[in-house]
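below is the sequence, then the predicted model.
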Amino acid sequence: MRAHTAVIPAAGMGTRFLPATKAVPKELLPIIDTPALQLIIDEAAGAGIDHVVVVTSHAKPAIEAYFAESPEVVAKLRSTGRNEVADHLERIGRDMRITFAYQDVAMGLGHAVGCAREAVGDEPFAVLLPDEIMGDSSLLAQMCDVSAATGGSVVGLKQVPRDEVSAYGVIDPAGPLDADGVVSVRTMVEKPPVAEAPSELIIIGRYVLTPDVFDKIERVQPGAGGEIQLTDALRMQAENGPFHGVLSGIRRYDTGNPLGWLTAVVELALDDERIGSQFRTWLHDLL
Ligand code: UTP
């Protein structure tokens, strides 16, 4: 079965982006004029997903507010002839099914995914971390296909220089990558010392998981800071059945910290058809 539901964990505290995230959830910070969360939903839609479960917290009401209808704004836009913007606003949260699950204490990514169990049901599902923005939907679409074909979970991979592996989850490949960038995964380690890293392939914020992961999450012992790590549950899966990684060369931005966010906004603004050429001229003059 191919995944048609995606879980987007958005209940974290965004401490690397304080003080902005005191009032504005990190997932709603704009990439030009669009919340990062919307870009992630668009990526999921492009990969064939038709149901998104946003894991949020009651301390972040702005996340749900983003999906609420805004009749006054729409009426104002229509009365001044801005129908295209009004249509766009009306489509938010209507062009795919959106449900909410709650994680009121940020107990880690594994715990956040576990909070979506009821909304997902007993079927494979995607997980997209909203502070990583991808250039397009191709990686997620390929991962959904690989999971449907193998019946196992699949993680997105990126190759990094060996001296950078210690900041990430690293896979231990069971063999070479095939022509499509797919590799069987034996196991994985979280933040290994460089000398002990089993490869230079790190796990990025895209997953397609089989539903047995929910039982595994319940068995994970809390680690540092009481957090339930998703990687611990994935390791149990990899050691007990088919588990693959997909390496892709598409553009990827880490928008979870101020420098990464700014880099993404500048690069994407340079490519933007509405403001790109004006922005390029200004940036060129500035430099
Ligand atoms: P991050 O670790 O990047 O987000 O988790 P964070 O914890 O909010 O950020 P910092 O480190 O304090 O700056 C990746 C995604 O997982 C969600 C976050 O909201 C973010 O979108 N997350 C993380 C949860 O939903 N619950 C958690 O317990 C942890």
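Perfect, thanks for sending it.

can you show me the helices along this protein?
36-46, 61-67, 71-79, 83-91, 109-114, 117-120, 138-150, 213-219, 230-238, 258-271, 276-286 (DSSP state H).

counting neighbours, what do you get for residue 224?
By the criterion of other C-beta atoms under 10 Å, residue 224 has 7 neighbours. For the C-beta atoms, the positions are set from N, CA and C on the backbone; glycine is no exception.

would you mind listing what in the stretch 1-150 of the chain touches the ligand?
Applying C-beta under 6 Å from any ligand atom, one finds that the stretch 1-150 of the chain approaches the ligand through 9-17, 26-27, 55, 103, 106-109, 111-112, 129-131.

which of the residues you listed fall within strands?
9, 55 (DSSP state E).

now the stretch 151-287 of the chain against the ligand: closest residue?
Using C-beta to the nearest ligand atom, the single residue of the stretch 151-287 of the chain nearest to the ligand is residue 256, 4.4 Å away.

mind putting the helices of the chain in CSV, distance to residue 247 included?
Output for those, formatted as CSV (distance: least, C-beta to C-beta, whole Å):
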stretch, distance to residue 247
helix 36-46, 18
helix 61-67, 32
helix 71-79, 43
helix 83-91, 34
helix 109-114, 21
helix 117-120, 26
helix 138-150, 9
helix 213-219, 21
helix 230-238, 16
helix 258-271, 21
helix 276-286, 29
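
which of those helices sits most buried?
The highest mean neighbour count among the helices of the chain, using mean count of other C-beta atoms under 10 Å, belongs to helix 109-114: a mean of 25.

just checking, what packs against that one?
For helix 109-114, the elements it packs on are strand 5-9, helix 213-219, helix 230-238, judged by 3 or more C-beta pairs under 8 Å, 6 or more residues apart in numbering; DSSP states H and E.

quick one: average pLDDT of the second one?
So the one you mean is helix 213-219. Mean per-residue pLDDT for helix 213-219: 97.

list of residues touching that helix?
The contact list for helix 213-219 (C-beta atoms under 8 Å, 6 or more residues apart in numbering) reads 110-111, 113-114, 117, 120, 153, 228, 230, 232-234, 236-237.

and the furthest pair within these?
120 and 232 (19.1 Å; C-beta to C-beta).

quick revisit: mind checking which of the residues of the stretch 1-150 of the chain next to the ligand are buried?
Among these, those classed as buried by 16 or more other C-beta atoms under 10 Å are 9-12, 14, 17, 26-27, 55, 103, 106-109, 111-112, 129-131.

and the gap between the residue sitting furthest away from the middle of the chain and the ligand?
Here the chain reaches farthest from its C-alpha mean at residue 79, the gap being 37.1 Å by C-alpha atoms, centre = their mean. Residue 79 is 37 Å from the ligand, where distance means C-beta to the nearest ligand atom, to the nearest Å.

any idea how far that residue lies from residue 198?
The gap separating residue 79 from residue 198 is 61 Å, by C-beta to C-beta, to the nearest Å.
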